[in-house]
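K.L.:
Provided below for reference: sequence and predicted model.
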Amino acid sequence: MISMPSRKPKAGRARMVTDSPLKLDRAEQINRLDGGEFDIIIVGGGVTGAYAAMDAALRGYQVALLEKDDFASGTSSKSSKMIHGGLRYIEQGNLPLVRHSLLERHRLRKNAQHLVQRLPFLFPVLSHAGVFDRRLAAGFESLLWTYDLAGGWREGILHQKLTKNEVLSHCPTFKAENLESGFLYYDARADDARLTLTLARTAAFHGATVLNGAKVTEVTRQGGQVNGVVIETGTRELRASASAVIIATGVWLRDWTGAGKEVDAPNIRPAKGVHIAVPWTKIRNDCTVTIPVPGRNRRATITRWGNTSYLGTTDEDYNGNLDDVNCTREEMDFLLEGARSALNIDVEPEDVLGSIGGCRPLVAPPGGKTLEVKRNHEIRTDPDGLVTVVGGKLTTSRHMAEQTIDAAQKVLGENRRCRTKNAYLLGAAGYDAEAIVASGGLASHLGERYGTEARFVTDILAEDPGLNKPIIDGLPYLEAEVIYSARHEMARNVDDIMSRRTRARLVARDASAEAAERVGQLLMKELDLPATEIDAQVASYKNQTAHERAILMGEN
């Protein structure tokens, strides 16, 4: 068994270190919902809804979190995975958002320290056709000083100006003939899906009822006031009552608001963003590299994640099916062209390992460029007591959740203090990141995914050493993690495992399809599912990945 180093947690947080893993039993959660009475019901299991559930539970409310598909199955698993202040927002003149985002980044770095890691960003200064004109380099450094002073300093390291050779040491594939120098500054990153899932599990640890595969079909009312919801689980219809209902469905607010009659809906403008994954050996970057995109007034980024590098992102209006957002051939070619123009690389469409497409929930009317829309959020309370939250970004999700529960409290007539500013997520209390990273191997892999809860995965390995093998050759995800995900993280099917409990679909789409049958076998045994259902899951996953690949390669 791998020993996971730990340190003594701060006073008041020790109870987050548990002797046994939190087991989320689907049948138990459904029974709690069926006819259940809650203070608050939250519709939408993305990062905002999950953090709101954790916030409400910590304030002592009876709360339920409901997600129609899987936790983080929408935007919250398809972001750029950056926990950052956003240099672009300084350029937009939105310094308050930057300052607040950097404060929230600092809180996440403490409260979810196993999931949120420091990430250096590299901006090259090119002689021509760069991210910015070289004559503006001095001005850009002033912007970085502003960023540091606004809160970047909390990382304990300020931006640096790099020589040409120092830039090449971080990314040796840069085209040296146009390269003059560069700037390095620091932000953070997180596996967005695991962060969201951990928030939902932490909410459950504090007493919340949480359920995926639970579609809210109606917000019920009595005497003109919200009083609950109707839920469809696929096998039965449930009704649960609540004094306050929160809609946190992100871009899906475009299609369904849950609002009463004659209530104006917020202006929701879905903006599509895509990322593609390529082998890291093609890029060889050790940080996030920012590159110009020829002919476009924007920049792209290339970030290393294990043995892959992912490129993104786009930012365009999207009016299509929100449940079927994919990277197209045109979008892939756009990103590859940007990479080839800045780097000495031979990367072709056939090299792309996987892709994701998602939509940002912008709060803005039609017109103008989506890139110029400020990433602010909006919270509104209807006369009947329905609370709606939309907009914002991954980094500010905690603060959005705080304000959302504050709004719900007004509906309840309560006033309880928010406790999430210093609240650890499961796995964070006692986690020693430096010791885990230094230990390397399996301990490092599990530590960065589960924190101190990694020992529960190794318990499964101890019980059945045969599960100590990867579900996909070349990737670190183990068969034991499939068992853990089904037993403790409410994974229901093959897609839950491949797309969000692991990120195999993004970094190895075709190989994940080949491994679907083995994952299905593990789920069948753990969840006691009939073979016919597993066959259907495997076929569905293979169809999904084939569809994704066909769109990416321009075959659809």
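P.N.:
Cool, the structure landed.
K.L.:
surely Leu195 meets Asn111?
P.N.:
No - using C-beta atoms under 8 Å, Leu195 is not in contact with Asn111, being 10.6 Å away. To be clear about C-beta, it is placed using only N, CA and C from the backbone, and glycine gets the same treatment.
K.L.:
if you count what's nearby, which of these two comes out ahead?
P.N.:
Counted by other C-beta atoms under 10 Å, Leu195 and Asn111 do not tie: Leu195 has more neighbours, with 25 against 21.
K.L.:
Surely that one forms part of a helix?
P.N.:
Yes - counting by DSSP: H, G, I helix; E, B strand; the rest coil, one finds Leu195 located in a helix.
K.L.:
And it, how far from Thr48?
P.N.:
Using C-beta to C-beta, to the nearest Å, we find Leu195 at a distance of 12 Å from Thr48.
K.L.:
coming back round to it: so what sits against both of Leu195 and Asn111?
P.N.:
Both Leu195 and Asn111 are in contact with Leu425, where contact means C-beta atoms under 8 Å, 6 or more residues apart in numbering.
K.L.:
Any idea how far apart the tips of stretch 73-81 sit?
P.N.:
One end of stretch 73-81 to the other measures 14 Å (C-alpha to C-alpha, to the nearest Å).
K.L.:
ok now that stretch, how far from the chain's centre?
P.N.:
How far stretch 73-81 lies from its chain's middle: 4 Å, per C-alpha atoms, centre = their mean, to the nearest Å.
K.L.:
Would you mind pulling the contact partners of it?
P.N.:
Under C-beta under 8 Å, 6+ apart, the answer for stretch 73-81 is 45-47, 67, 189-193, 196, 250-252, 273, 275, 301, 303, 305, 312-313, 322, 325, 356-361, 394, 499-500.
K.L.:
quick check: mean pLDDT across it?
P.N.:
For stretch 73-81, mean pLDDT rounds to 95.
K.L.:
List the residues that contact the closest residue to Val274 other than its chain neighbours.
P.N.:
Once flanking residues are discounted, Val274 sits nearest to Cys327: 3.9 Å by C-beta to C-beta, 6 or more residues apart in numbering. By C-beta under 8 Å, 6+ apart, Cys327 lies in contact with 274-276, 355-357, 548, 551-552.
K.L.:
if you set the cut-off to 10 Å instead, what comes out?
P.N.:
Shown in contact with Cys327 (C-beta atoms under 10 Å, 6 or more residues apart in numbering): 272-276, 312-314, 334-335, 352, 354-358, 548, 551-552.
K.L.:
just to revisit the earlier point, narrow the contacts of stretch 73-81 to those that are buried.
P.N.:
Buried by 16 or more other C-beta atoms under 10 Å: 45-47, 67, 189-193, 196, 250-252, 273, 275, 301, 303, 312-313, 322, 325, 356-361, 394, 499-500, out of the contacts of stretch 73-81.
K.L.:
tell me how far the host helix or strand of Thr545 is from the chain's mean position?
P.N.:
Per DSSP states H and E: Thr545 is located in helix 531-552. Averaging C-alpha positions (C-alpha atoms, centre = their mean) puts helix 531-552 23 Å from its chain's average.
K.L.:
How about stretch 177-189?
P.N.:
Counting by C-alpha atoms, centre = their mean, stretch 177-189 comes out at 25 Å from the chain centroid.
K.L.:
For it, C-alpha coordinates in PDB please.
P.N.:
The C-alpha trace of stretch 177-189 is given here as PDB (Å, rounded to 0.1, in the frame of the first residue of the first chain):
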ATOM      1  CA  GLU A 177      14.000  33.400 -35.600                       C
ATOM      2  CA  ASN A 178      11.200  35.700 -34.500                       C
ATOM      3  CA  LEU A 179      11.700  35.300 -30.800                       C
ATOM      4  CA  GLU A 180      13.200  38.200 -28.800                       C
ATOM      5  CA  SER A 181      12.300  37.600 -25.100                       C
ATOM      6  CA  GLY A 182       9.300  36.800 -23.000                       C
ATOM      7  CA  PHE A 183       7.400  37.200 -19.700                       C
ATOM      8  CA  LEU A 184       6.500  34.600 -17.200                       C
ATOM      9  CA  TYR A 185       3.800  35.000 -14.600                       C
ATOM     10  CA  TYR A 186       1.800  32.700 -12.300                       C
ATOM     11  CA  ASP A 187      -1.700  31.500 -12.000                       C
ATOM     12  CA  ALA A 188      -3.200  28.100 -11.200                       C
ATOM     13  CA  ARG A 189      -5.100  25.200 -12.800                       C
END
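K.L.:
Cool, thanks, talk later.
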